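[1] The following block contains a protein sequence and its predicted model.
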Amino acid sequence: MGLGAYIAVSAALFALGIVAILVRRNVLYVLMGIEMILNAANINFVAFNRFNQAAGATSSLDGRMFAIFVIILAAAEAAVALAIVLNVFHLFNSVKPAEADLLRE
């Protein structure tokens, strides 16, 4: 499998993430869309790292280290975002972003 296949999967995952963010009116789906976008970036990091090594570059772990960093960042983001969603649900009895309008007053 060549680099183009990895980029195609990553682009499809990125597009699905963007669609999930723009179309859905639920905070949980928006968070899932953000996670899909981050995973698309991880696929690119690892794929470019692999094919850069295949081209004769020295053995480096840059792409894998960036991917691990993004995974750790995504885990922290998911924990904080889910805490915010639970607080919003407790205050407004809804997880729709349009109904959380306490700050608009």
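    That came in fine, so what should we check first? Residues are numbered from 1 along each chain as shown.
[2] Setting aside sequence neighbours, what's the nearest residue to K96?
    Counting by CB to CB, 6 or more residues apart in numbering, the nearest residue to K96 once its immediate chain neighbours are dropped is R25, at 5.4 Å. Heads up, the C-betas are built off the backbone N, CA and C, glycines and all.
[3] so is that neighbour in a helix, a strand, or just coil?
    When states are read from DSSP: H, G, I helix; E, B strand; the rest coil, the local structure at R25 comes out as coil.
[4] these two touch, right, it and S94?
    No. Here R25 does not reach S94: they are 10.3 Å apart, not a contact under CB atoms under 8 Å.
[5] ok, the residue nearest to K96 - contacts?
    For R25, the contacting residues are K96, P97, A98, taking CB atoms under 8 Å, 6 or more residues apart in numbering as the criterion.
[6] for it, phi and psi?
    The main-chain torsion angles of R25 are listed as degrees, to the nearest 10 and equal phi -110, psi 30.
[7] quick one: secondary structure of the closest residue to L38 other than its chain neighbours?
    Counting by CB to CB, 6+ apart, L38 lies nearest to A74, which is 4.8 Å off, once chain neighbours are set aside. State at A74, reduced to three classes by three-state DSSP: helix.
[8] show me what contacts A74?
    Counting by CB under 8 Å, 6+ apart, A74 touches E35, L38, N39.
[9] Just give the closest residue to the first one, not the sequence neighbours.
    Sequence neighbours aside, A74 is the residue nearest to E35 in space, at 6.0 Å (criterion: CB to CB, 6+ apart).
[10] quick one: that neighbour and V30, what's the gap?
    14 Å (CB to CB, to the nearest Å).
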